[in-house]
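K.L.:
Using only what follows, build the 3D model:
(3 chains)
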Amino acid sequence: MTPFTESVIRIIKSIPTGKVMTYGQIAKLAGNSRGARQVVHILHSMSEKYELPWHRVINSKGEISIKDEASRFEQITLLLNEGIEFDLYERIDLEVYQYHPPSNFLFK
DNA sequence: TAAATGACAAGTG
DNA sequence: CCACTTGCCATTT
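P.N.:
Predicted coordinates:
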């Protein structure tokens, strides 16, 4: 497992209930500002094994990126249950709900 | 080995 | 804010 992957997992696991982070934000914090798509692969392949709160990861526009209807509905439901609100276009206000981890937490 | 793919992002108009 | 383009890169085909 690469250092990048380890960091990504730690970051995702640190997202508090009721907050979200974006793919690009996570990739950048993990050390690769251009690694957003790798974050996608990690979520796909390791969410279950590492019990990642995959539903708290959304795209930079504040939208749910999943196309599959069932999975999409599941993610929205999980977020609603955590108190996150969506506008009428199913978008989340990042100004309100985006999580910004402390800059030192990777080294703790 | 090459081409396509994807739960993305930033820049431009 | 929207639509479209370009850049990305590991994984899959």
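
K.L.:
In contact with A:Asp93, which residues?
P.N.:
By C-beta atoms under 8 Å, 6 or more residues apart in numbering, the residues touching A:Asp93 are A:62, A:85, A:87. From N, CA and C alone the C-beta is placed, and that goes for glycine too.

K.L.:
can you redo the residues you listed as JSON lines with neighbour count?
P.N.:
Rendered in JSON lines, the data for those read as follows (neighbours: other C-beta atoms under 10 Å):
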{"residue": "A:Gly62", "neighbour count": "20"}
{"residue": "A:Glu85", "neighbour count": "11"}
{"residue": "A:Asp87", "neighbour count": "9"}
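
K.L.:
which of these lies closest to DNA strand C?
P.N.:
Nearest to DNA strand C among the contacts of A:Asp93 is A:Gly62, at 8.1 Å by C-beta to the nearest atom of the strand.

K.L.:
was I right about A:Phe4 contacting A:Ser33?
P.N.:
No - when contacts are counted by C-beta atoms under 8 Å, A:Phe4 is not listed as touching A:Ser33 (11.4 Å).

K.L.:
who has more neighbours, the two?
P.N.:
Using other C-beta atoms under 10 Å as the criterion, A:Phe4 and A:Ser33 rank with A:Phe4 on top: 16 against 11.

K.L.:
pLDDT weak spots in chain A?
P.N.:
Per-residue confidence of chain A (counting by pLDDT under 70) places the weak regions at A:107-108.

K.L.:
Enumerate every residue touching the nearest residue to A:Phe86 once chain neighbours are set aside.
P.N.:
Nearest residue to A:Phe86, sequence neighbours excluded (C-beta to C-beta, 6 or more residues apart in numbering): A:Ile92, at 6.0 Å. Applying C-beta under 8 Å, 6+ apart to A:Ile92 gives the contacts A:20, A:58, A:62-63, A:79, A:84-86.
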